[in-house]
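**Student:** give me a model of this one.
(one chain, ligands or ions: 1)
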Amino acid sequence: MNIIKVKNYEEMSRMAAHILAAQVIGKPDSVLGLATGSTPIGIYDCLAEWCKNGEVDFSKAATVNLDEYRGLDHSNDQSYYYFMNKHLFSRINIDPSRTNVPDGTEPDPVKESKRYEALIKELGGIDIQLLGIGHDGHIGFNEPNSIFDKETHCVDLTEMTIEANKRFFESIDDVPRQAYTMGIGTIMSARKILMVVTGEDKADIVAKAFYGEVTPEVPASIIQFHPDVTVICDEAALSKCPR
Ligand SMILES: N[C@@H]1[C@@H](O)[C@H](O)[C@@H](COP(=O)(O)O)O[C@@H]1O
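**Tutor:** The predicted model follows:
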């Protein structure tokens, strides 16, 4: 694992955006695995700016997002599709038909999970998967568990995640209790992984996930076993790590 320490959120965002831009410059038809949450917003701002300046061309790229709340449609401003459209897709020259987010409105979890897995395979797999990390170590919406879930599936969100994500909703009662997420196996089959972490509130989980043992109780710890991982952390996020 290549763990890179940067000063702050801005440096983290620019460095991660450089890696994603280099991926698309080197392989214009790259399949980018993308993430939501507050952490990647600065990355998307950089990519939007560089696309506008003509430095990166997304016209041949495709995207697949990690996860989506169950029950929310594209027009819901709390859906992850809406988030991606607002922060990235509408600001770059990507073909909207090549952007993919799990369909939160599909009532049949087995059907949707199979569709999403098949779609990723049809696209030729994920070239680089961007990840953030939850306070309990979740990646996508893979919550702490007794096993690593392999494929895309429907999950019950933990109280900690519902609590953490309520800041985006009017009240905690509005936070969906379930979500569709790529599985740990789906994430691990990406050719490259790029993880970004910022802030002191993530310092404990960073120490556990990247310097502790690999266990499904800390889902992000599995990326220690991936052959091509870059983790970009700011000083605050690395403040409890043994180095
Ligand atoms: N499903 C998303 C995750 O993909 C994300 O990594 C996490 C952390 O979000 P933030 O970056 O806001 O801390 O939030 C959500 O739960």
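**Student:** pull out the buried positions in the longest helix along the chain.
**Tutor:** Ranked by number of residues, the top helix in the chain under DSSP state H is helix 9-26. Neighbour-count burial for helix 9-26, with 16 or more other CB atoms under 10 Å as criterion, is recorded at 9, 11-13, 15-17, 19-21, 23-24. Quick note: C-beta positions are derived from backbone N, CA and C, even for glycine.
**Student:** okay if I get those as a markdown table plus pLDDT and distance to Gly104?
**Tutor:** Below are the buried residues of helix 9-26 laid out as a markdown table (pLDDT from 0 to 100; distance: CB to CB, whole Å):
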| residue | pLDDT | distance to Gly104 |
| --- | --- | --- |
| Tyr9 | 98 | 29 |
| Glu11 | 98 | 34 |
| Met12 | 98 | 29 |
| Ser13 | 98 | 27 |
| Met15 | 98 | 31 |
| Ala16 | 98 | 26 |
| Ala17 | 98 | 27 |
| Ile19 | 98 | 29 |
| Leu20 | 98 | 25 |
| Ala21 | 98 | 29 |
| Gln23 | 98 | 27 |
| Val24 | 98 | 27 |
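**Student:** what about the longest helix of the chain, near the ligand?
**Tutor:** No - Helix 9-26 stays clear of the ligand (CB under 6 Å from any ligand atom), getting no nearer than 10.7 Å.
**Student:** just how off-centre is stretch 114-121 within its chain?
**Tutor:** Distance, stretch centre to chain centre, for stretch 114-121: 17 Å (CA atoms, centre = their mean, to the nearest Å).
**Student:** try stretch 64-79
**Tutor:** On CA atoms, centre = their mean, the centre of stretch 64-79 falls 13 Å from the chain's centre.
**Student:** buried sites along that stretch?
**Tutor:** Buried residues in stretch 64-79 (16+ other CB under 10 Å): 64-70, 72, 79.
**Student:** that one - what's its average pLDDT?
**Tutor:** Across stretch 64-79, pLDDT averages out at 94.
**Student:** residues contacting that stretch, please?
**Tutor:** For stretch 64-79, contacts defined as CB atoms under 8 Å, 6 or more residues apart in numbering pick out 31-36, 80-82, 84-85, 100-105, 109, 116, 119-120, 123, 126, 129, 131, 139-141, 154, 168-169, 174, 176, 178-182, 187.
**Student:** which residues touch the lowest-mean-pLDDT helix or strand in the chain?
**Tutor:** Ranking every helix and strand in the chain by mean pLDDT, DSSP states H and E puts helix 159-165 at the bottom, with a mean of 89. Around helix 159-165, the neighbours that count as contacts under CB under 8 Å, 6+ apart are 134-136, 138, 141, 143, 157, 172, 175, 177.
**Student:** what about 6 Å?
**Tutor:** 134-136, 175 (CB atoms under 6 Å, 6 or more residues apart in numbering).
**Student:** that one: what's the following helix or strand?
**Tutor:** Under the assignment DSSP states H and E, the closest C-terminal helix or strand after helix 159-165 is strand 178-181.
**Student:** list the buried residues of that following strand.
**Tutor:** 179-181.
**Student:** what's the longest helix of the chain packed up against?
**Tutor:** helix 41-52, strand 192-197, strand 229-234 (3 or more CB pairs under 6 Å, 6 or more residues apart in numbering; DSSP states H and E).
**Student:** return the most buried member of the ones you listed.
**Tutor:** strand 192-197 (a mean of 24; mean count of other CB atoms under 10 Å).
**Student:** near the ligand, which residues of the protein are found?
**Tutor:** Counting by CB under 6 Å from any ligand atom, the chain comes close to the ligand at 35-39, 66-67, 132-134, 140-141, 161, 165.
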